[in-house]
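Participant: Quick check, what structure comes out for this input:
(chains A and B)
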Amino acid sequence: MNGRRILAIAGRILRQFRHDPRSVALILVVPVLVMALVGYLVGDSGKEPLPVAFVNQDAAPAGPISIGSILEGALERQTGVEMRDAPDAQEAERAVRDGETAGAIVVPADLTASLLAGEPAQIRVIVGGIEPGLDDRVVGAVRMAMIDVVAVAAERGATLPQVSVERMPLAGGVRLSTLDYFAPALVVVFGFLFTFMLTSVAFLRERSTGTLERLMASPASRLDLLLGYLLGFIGFAMVQALVILGYAVWVIGVHIAGPTWLVLLTLLILVVGVVNLGIALSFYARNELQVVQFIPLIFVPQIFLGGLFWPVQTLWPPLRLLSQVFPVTHAVVTLREVMVGGAAVAAVAERLLALLAFAVAMLLLGLLALRSQRA
Amino acid sequence: MALAIEASGLVRTFGPLRALDGLDLEVAEGELIGLVGPNGAGKTTFIRVLAGLLRPDAGIARVLGEPPGRAVSASIGYMTQSPALYEDLPVRDNLVFFGRLFGLSTADARSRAEELAELVSLEGKERSPVRTLSGGMRQRTNLACAMVHHPRLLLLDEPTVGVDPVLRMRLWDHFRFMNDEGITILITTHVMDEAERCGRVAFLSDGRTIASGPPAALRERAGAPTLEEAFLALRDSVQEP
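Facilitator: Just a heads-up that it's a prediction; the model follows:
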């Protein structure tokens, strides 16, 4: 052991960091960014209320004890949801199906009557069934409101029997496991991560070994080059997607309710964008380490804000807007709707267009990055 | 005689650095011309302009009668200073890839790859990944890749740097052989005994051509026994006034 040598090595490492401000910035900025996001997402404050359709069919005579009205008041005091009156159950269900509201509560006509007669009753909460995080919030708000209802009724001199809150998912249902909800997200994240790493490193090598210079001095155009890269990596990424999907379906037993080709098409469009993103960003990296450093910057916001774990609908509006720029958001929602909800192409067309716009934008970015390589 | 390279008044700056500062040079088809000058004289910048990789800020460049770029690039072979190869691919796959990139059919590229492996004495190594090759073998593979599409003009940027004397002789044999076949070769070097082998030498200094002619003529003009001394003498005579 030799103290001077040890210090020399340690000193050199510190000096290298000084010449690599980007690494230092990442080491300091990324953890703070992650903590800020997690703190916000896990906490209860700063969340947008979810719109919920409310249909009060309670036939109780207007009086001090009308459970339907008490429930309405209790729900209005819940900050997580925002009540919207709906004329009837069909209209409420349609609002959920079209995504206008996150859920719908239908108060049955005999609610007050049966409760006062001492019979147990049921409140049905209709939810989308595609995003568990979203559904949990709506059902949770109704359960909290029910506790409030029991307390208010007791104050007015009525002791209510058990009231159960029933979750009624429009899609999915009880046969689906947590895995079914997360499989779409996993497929998207793997597809994005590995495609990005492979292309950006491959292109970085192309630049650092000088083969890019050789390609640029050849009759191949920039578009030839990008399309060639695209074709090569699409083949690779699609094989990967098939392996992941195959394993999920046949080994783990994940369900794909909608058409499988639509799942593959979604991944294909995503991959086109990611290949070009990888190429464009590789121009801002000098070595493989710097490519790896891009990963948290690109991934952390998309994983946290892309609707994988926390519903996009409850985000602070500027963050929600940001999440709509992320390809992962659209890809995850599309795959959930197709795999869990059994959606057909028309239902996810807007999302696919958003992914396509991302792909085109990245292709242009890739062309722009390559421009700097040739006169 | 047709000109393979025409450059007049080429200027290219990188920030405050004037890499090319009014460079003039004409090279006839079939010449083997050596570009000689110290580091930073503008040799690589000039070659990159001719290969269509850099646009000059001012001046005119023409290669094989056309402005540098994609249209003429199929007739040019460009060899970079350090081997620009796909390390994981075998020698043959590298050759076939560049052949197809420059417009050869797969069959033509394959037979050309075989022919070139023999020409640069890499027989038996065709199936070895480039990363397993020695530095000299890589350099020869690099040269073969520059020639795969039968270019009429070869731009060789310091092809013999870091190459042992035996291999250097072999590479020069290749250059001579190709030149005898009618290929115009522009080669940059700062090794003077290599410059002696060129039909004509152009001295470059600070982004300009300060003299050009057959090696013997340059030595005579400067009254110097070696090309090295001739370069120094001619450079001083340019700088004095």
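Participant: Just list the residues touching A:L50, thanks.
Facilitator: A:80-82, A:101-103, A:134, A:137-138, A:141, A:311, A:313-314 (Cβ atoms under 8 Å, 6 or more residues apart in numbering or on different chains). The C-beta positions use only the backbone N, C-alpha and C, and glycine is treated the same way.
Participant: helix/strand/coil for the residue nearest to the spatial centre of chain B?
Facilitator: Nearest to the mean C-alpha position of chain B, by Cα atoms, centre = their mean, lies B:L156 at 1.8 Å. In three-state terms, and counting by DSSP: H, G, I helix; E, B strand; the rest coil, B:L156 is strand.
Participant: Tell me how far it lies from B:I33.
Facilitator: Going from B:L156 to B:I33 by Cβ to Cβ, to the nearest Å gives 11 Å.
Participant: what touches both of the two?
Facilitator: With Cβ under 8 Å, 6+ apart, B:L156 and B:I33 have common neighbours B:185-187.
Participant: From these, pick the one nearest chain A.
Facilitator: Nearest to chain A out of these is B:L186 (Cβ to the nearest Cβ; 13.9 Å).
Participant: Can you list the strands that the strand or helix carrying that closest one pairs with?
Facilitator: Secondary structure assigned from DSSP states H and E places B:L186 in strand B:184-189. Here strand B:184-189 is paired, per DSSP bridges, with strand B:32-36 (parallel), strand B:153-157 (parallel).
Participant: among the contacts of A:L50, which are in strands?
Facilitator: Among those, the members falling in strands (DSSP state E) are A:81-82, A:103.
Participant: Which of the residues you listed ranks first by neighbour count?
Facilitator: Greatest neighbour count in those, by other Cβ atoms under 10 Å in any protein chain shown, goes to A:G103: 28 neighbours.
Participant: who touches the nearest residue to that residue once chain neighbours are set aside in this structure?
Facilitator: Spatial nearest neighbour of A:G103, chain neighbours left out: A:V138 (3.6 Å); criterion: Cβ to Cβ, 6 or more residues apart in numbering or on different chains. Each residue near A:V138 by Cβ under 8 Å, 6+ apart is listed here: A:50, A:52, A:81, A:102-103, A:125, A:127.
Participant: For chain B, which segments count as helices?
Facilitator: Secondary structure of chain B (DSSP state H): helices at B:43-50, B:70-73, B:91-101, B:106-119, B:135-147, B:165-180, B:192-195, B:215-222, B:227-239.
Participant: just to revisit the earlier point, tell me what angle the strand holding B:L186 forms with helix B:43-50.
Facilitator: Between the axis of strand B:184-189 and that of helix B:43-50 there is an angle of 150 degrees, by axes from the mean of the first three to the mean of the last three Cα atoms, to 10 degrees.
Participant: picking that back up, mean pLDDT for the strands paired with strand B:184-189 - can I get that in a markdown table?
Facilitator: Listed next are these as a markdown table, based on pLDDT from 0 to 100:
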| stretch | mean pLDDT |
| --- | --- |
| strand B:32-36 | 94 |
| strand B:153-157 | 94 |
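Participant: out of those, which comes closest to A:I244?
Facilitator: Distance to A:I244, taken as Cβ to Cβ, is lowest for strand B:153-157 among these, at 45.4 Å.
Participant: Now do the closest one: everything it contacts.
Facilitator: B:4-5, B:43-44, B:47, B:50-51, B:63-64, B:75-81, B:143, B:146-147, B:175, B:178, B:183-188.
Participant: Find me the pLDDT at residue 141, would you?
Facilitator: I went with chain A, as the question did not name one. With respect to pLDDT, A:A141 scores 90.
Participant: nope, chain B please
Facilitator: If you check B:T141, the pLDDT there is 92.
Participant: Next up, the contacts around it.
Facilitator: B:83, B:85, B:91, B:94-95, B:120, B:122, B:130, B:133.
Participant: Would you mind writing the CA trace of stretch B:22-29 as CSV?
Facilitator: The C-alpha coordinates for stretch B:22-29 follow below in CSV (Å, rounded to 0.1, in the frame of the first residue of the first chain):
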residue,chain,number,x,y,z
GLY,B,22,-6.0,29.6,-50.8
LEU,B,23,-4.8,26.1,-51.9
ASP,B,24,-4.2,25.6,-55.6
LEU,B,25,-3.4,22.2,-57.2
GLU,B,26,-4.0,20.4,-60.4
VAL,B,27,-3.6,16.7,-60.9
ALA,B,28,-3.7,15.0,-64.2
GLU,B,29,-5.4,11.6,-64.7
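Participant: Make CSV out of the ones in strands among the contacts of A:L50 and add distance to A:L365.
Facilitator: Formatted as CSV, these follow (distance: Cβ to Cβ, whole Å):
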residue, distance to A:L365
A:V81, 40
A:E82, 39
A:G103, 39
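Participant: Regarding the residue most central in space within chain A, which helix or strand does it belong to?
Facilitator: Central residue of chain A (Cα atoms, centre = their mean): A:G307, 2.0 Å from the mean position. Using DSSP H and E, A:G307 sits in no helix or strand.
Participant: what's it sitting at in phi/psi?
Facilitator: With angles defined as degrees, to the nearest 10, A:G307 sits at phi 80, psi 10.
Participant: Now do it against A:E91, distance only.
Facilitator: Distance from A:G307 to A:E91, by Cβ to Cβ: 26 Å.
Participant: now A:L111
Facilitator: Distance check for A:L111 against A:E91: by Cβ to Cβ, it reads 19 Å.
Participant: between those two, who's got more neighbours?
Facilitator: The neighbour count for A:L111 versus A:E91, taken as other Cβ under 10 Å, is higher for A:L111 (22 against 13).
Participant: What pLDDT does the model give B:Q81?
Facilitator: On the pLDDT scale, B:Q81 gets 83.
Participant: Got phi/psi on it?
Facilitator: phi -60, psi -50.
Participant: That one contacts B:G162, correct?
Facilitator: No. In this structure, B:Q81 is not within contact of B:G162 by Cβ atoms under 8 Å, at 9.4 Å.
Participant: higher neighbour count, those two?
Facilitator: More crowded of B:Q81 and B:G162, by other Cβ under 10 Å: B:Q81, with 18 against 12.
Participant: Kindly state the pLDDT recorded for B:M1?
Facilitator: pLDDT, read off for B:M1, is 65.
Participant: domain assignment for chain A?
Facilitator: Using automatic domain parsing, the domain parsing of chain A gives A:50-169, A:176-371.
Participant: The first one: how far from the chain's middle?
Facilitator: The gap between the average C-alpha position of domain A:50-169 and the chain average comes to 27 Å, counting by Cα atoms, centre = their mean, to the nearest Å.
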